[in-house]
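**Student:** take a look and give me a structure for this.
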Amino acid sequence: MSIIKSFPNKTGVDLTGKEGYAVKYDTSGLNLCSAITDKAIGIVTRGDAKESDVCVFGECLAKAGGAVTRGKHIIPHTDGTVKDTAASSQELGVALESGVAGDLVQVIVLGITKANA
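**Tutor:** Numbering: from 1, shown residues only. Sure, this is the predicted structure:
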């Protein structure tokens, strides 16, 4: 089971075509993650110009921005894609399959982010 929630986008942010990207929520709405230290709330499942659907817990497809290894934790990359865990990062989920940059890979969003030391 996946939990999908609709959130307003940050003013001026269009998430059309950003399905599979990690997003964060700031004071005025959704925005793409832009650093490995961002606290992602989930993965976009339907991007739009004003409001987007986000998988906040459960299985979904994520866009790989680097190496993704089945069974490893994933983190947001600097462009909102995901990649394997790195030091000082915020874990978003676990990869259910391996992939390389540009692939859509099946992941489990954990529903929280955990700082990696």
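
**Student:** start to end distance for stretch 14-27?
**Tutor:** End-to-end distance of stretch 14-27: 16 Å, with Cα to Cα, to the nearest Å as the criterion.

**Student:** contacting residues around that stretch?
**Tutor:** If you take Cβ atoms under 8 Å, 6 or more residues apart in numbering as the criterion, stretch 14-27 is touched by 7, 9-10, 30-33, 38-49, 52, 54, 60-63, 76-77, 79-82, 92, 104. Where C-beta positions appear, they are placed from N, C-alpha and C, glycine not excepted.

**Student:** just the ones of the residues you listed in strands?
**Tutor:** If you go by DSSP state E, the contacts of stretch 14-27 have 7, 30-32, 42-46, 52, 54, 60-63, 76, 82, 92, 104 in strands.

**Student:** residues contacting the nearest residue to Gly102 once chain neighbours are set aside?
**Tutor:** Nearest non-adjacent residue to Gly102, counting by Cβ to Cβ, 6 or more residues apart in numbering: Ala64, 6.6 Å away. Ala64 sits next to Thr81, Val82, Lys83, Gly99, Val100, Ala101, Gly102, Asp103, Leu104, Val105 when contact means Cβ under 8 Å, 6+ apart.
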